[in-house]
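Q: structure, please.
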Amino acid sequence: MNIYVLMKRTFDTEERISISGGQISEDGAEFIINPYDEYAIEEAIQVRDAHGGEVTVLTIGNEESEKQLRTALAMGADKAVLINTEEDVENGDQFTTAKILGEYLKDKEVDLILAGNVAIDGGSGQVGPRVAEQLDIPYITTITKLDIDGDKVTVVRDVEGDSEVIETTLPLLVTAQQGLNEPRYPSLPGIMKAKKKPLDEIEIDDIDLDEDDVEAKTKTIEIFLPPKKEAGKVLEGELDDQVKELVKLLHTEAKVV
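A: This is a model prediction of the structure:
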């Protein structure tokens, strides 16, 4: 079974975000595998172990992404591919990412593609479904369980706190929701083996795309941090007086009544 995982390099969830020159500053920042993509990687490894085949982790970005790809290899993936877009793509969006990934995958023998439900930095959840549309294969989002029997697949997906069971067939793309599994930590033997596993780096030109093909469909107008919260007011006095004062403040200051 040929299994691919779409992975993204994101800020560490504990990283403090700062803005510099209208852009999010990466100076000194720590980066990790997008947490939802970790569920996808773990599930891919479990499917391979149960049904045989090979797991390839795929990402786009710059050479800094090699660290996260090596982590995925240390977890147990077999191969990794970096599509280096540093010199070819500026200000790309979800369309850009999906176009590149889909173009790379279109000539591959694909049985199963896994991706994270969302990326914690953008949160759009668009890339996985867009890739599936390009490849003309079915997709199911926010899955919490995956069972494969031959080419038949049964999936449980999260639907706003409830569950939905869907039956479909391979090839298939799914996006992983929290609760699908418990991602493993890379072991020391896994880390050592990862150094010898193949990590291929290719350019946009290698997949017959140019800058016009991947031009973003959206434009970021402004990036800003939310305003600091002002200190609250503590009302004092008798309860009736506090209620009157609260109503007055909601009317004159908060302007909500």
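Q: Tyr139: neighbouring residues, count only.
A: 18 (other Cβ atoms under 10 Å). To be clear about C-beta, it is placed using only N, CA and C from the backbone, and glycine gets the same treatment.
Q: how about the closest residue to it other than its chain neighbours, secondary structure?
A: Distances taken as Cβ to Cβ, 6 or more residues apart in numbering put Ala132 closest to Tyr139, at 3.6 Å, once the chain neighbours are dropped. Secondary structure, DSSP: H, G, I helix; E, B strand; the rest coil: Ala132 is helix.
Q: repeat that for Glu14.
A: Per three-state DSSP, the local secondary structure of Glu14 is coil.
Q: test my guess that the residue nearest to Tyr139 contacts Gln126.
A: No - with contact defined as Cβ atoms under 8 Å, Ala132 does not count as touching Gln126 (11.0 Å).
Q: mind pulling up the pLDDT for the residue nearest to Tyr139?
A: Ala132 carries a pLDDT value of 97.
Q: so who does it touch?
A: Counting by Cβ atoms under 8 Å, 6 or more residues apart in numbering, Ala132 makes contact with 113, 138-139, 173.
Q: quick check, Thr154 in a strand?
A: Yes - the assignment for Thr154 (three-state DSSP) places it in a strand.
Q: which non-adjacent residue is nearest it?
A: For Thr154, the spatially nearest residue (Cβ to Cβ, 6+ apart) is Asp147, at 4.5 Å.
Q: quick one: list the elements packing against the helix or strand harbouring the one you found.
A: With secondary structure defined by DSSP states H and E, Asp147 is part of strand 139-149. Here strand 139-149 touches helix 35-51, helix 127-135, strand 152-159, strand 162-169, strand 172-176, going by 3 or more Cβ pairs under 8 Å, 6 or more residues apart in numbering; DSSP states H and E.
Q: that one: which residues count as buried?
A: Buried residues in strand 139-149, counting neighbours by 16 or more other Cβ atoms under 10 Å, are found at 139-146, 148.
Q: name the helix or strand of the protein that has the lowest mean pLDDT.
A: Across the helices and strands of the chain, mean confidence by mean pLDDT, DSSP states H and E is lowest for strand 23-24: a mean of 72.
Q: which one of the helices and strands packed on strand 139-149 is the most hemmed in?
A: Of all the helices and strands packed on strand 139-149, strand 172-176 has the most neighbours on average by mean count of other Cβ atoms under 10 Å, namely a mean of 26.
Q: mind listing what's buried in stretch 95-110?
A: 95-105, 110.
Q: tell me which element the residue positioned nearest the centre of the chain falls in.
A: Nearest residue to the geometric centre of the chain (Cα atoms, centre = their mean): Ala119, 3.3 Å. Using DSSP H and E, Ala119 sits within no helix or strand.
Q: go on, the one 4 residues further on?
A: Element membership for Gly123, per DSSP H and E: none, as it lies in no helix or strand.
Q: OK, contacts around it?
A: Contacts for Gly123 (Cβ under 8 Å, 6+ apart) come out as none.
Q: now do the same contact list for Val257.
A: Residues in contact with Val257 (Cβ under 8 Å, 6+ apart) are 247, 250-251.
Q: in the sheet, which strands lie alongside the least confident helix or strand of the chain, parallel or antiparallel?
A: strand 19-20 (antiparallel) (DSSP bridges).
Q: just the residues contacting the partner strand, thanks.
A: With contact meaning Cβ under 8 Å, 6+ apart, strand 19-20 is reached by 25, 27, 223-225.
Q: pLDDT of it, averaged?
A: Computed over strand 19-20, the average pLDDT equals 75.
Q: can you give me the offset of it from its chain's centre?
A: 23 Å (Cα atoms, centre = their mean, to the nearest Å).
Q: residues near Phe11, how many?
A: Residues near Phe11, counting by other Cβ under 10 Å: 17.
Q: ok so, going back, just checking, what packs against whichever helix or strand comes after the least confident helix or strand of the chain?
A: As assigned by DSSP H and E, the chain's next helix or strand after strand 23-24 is strand 31-33. Packing contacts for strand 31-33, counted by 3+ Cβ pairs under 8 Å, 6+ apart, involve strand 9-11, helix 66-75.
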